[in-house]
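Undergrad: fold the following and give me the result.
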Amino acid sequence: MRFWPRKGDLTDRPPLVTCPICNMTFRSDKAAATAKRGSWIYYFCTEACLRQFEEDPARYAKG
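TA: Numbering: from 1, shown residues only. This is a model prediction of the structure:
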């Protein structure tokens, strides 16, 4: 027997994102911090990861 998601189940959830520092995947609404660089928004799992990013954004930033 297969169980399919009900209509809207997948689209009602916030997207999954990945912390650029530790590569942890989590829901965007659970981010401890965010940073915007150019047209990119970066999501961080902890404030410590944000601080590490801010020390050397060119190392982790895309584009």
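Undergrad: what's in contact with stretch 29-47?
TA: Residues external to stretch 29-47 that are found in contact with it (CB atoms under 8 Å, 6 or more residues apart in numbering): 14, 17-22, 24, 26, 28, 49-50, 53-54, 57, 60-63. Yep, even glycine has a C-beta here, placed from its N, CA and C like the rest.
Undergrad: which residues of the chain score low on pLDDT?
TA: Judged by pLDDT under 70, the chain has its weakly predicted residues at 1-11, 63.
Undergrad: can you map out the strands along it?
TA: Counting by DSSP state E, the segments of the chain that form strands are 16-18, 25-27, 33-37, 40-44.
Undergrad: give me the buried positions along the second one.
TA: Neighbour-count burial for strand 25-27, with 16 or more other CB atoms under 10 Å as criterion, is recorded at Phe26.
Undergrad: wait, what's in contact with Arg27?
TA: Arg27 is in contact with Arg13, Pro14, Pro15, Leu16, Val17, counting by CB under 8 Å, 6+ apart.
Undergrad: hey, what's Arg37 bridged with?
TA: Using DSSP bridges, the bridge partners assigned to Arg37 are Trp40.
Undergrad: can you pick the most crowded of the contacts of Arg27?
TA: Compared across the contacts of Arg27, Val17 has the highest neighbour count, 20 neighbours, by other CB atoms under 10 Å.
Undergrad: not counting its neighbours along the chain, what's nearest the residue nearest the centre of the chain?
TA: Central residue of the chain (CA atoms, centre = their mean): Val17, 3.1 Å from the mean position. Closest residue to Val17 apart from its sequence neighbours, by CB to CB, 6 or more residues apart in numbering: Tyr43 at 4.1 Å.
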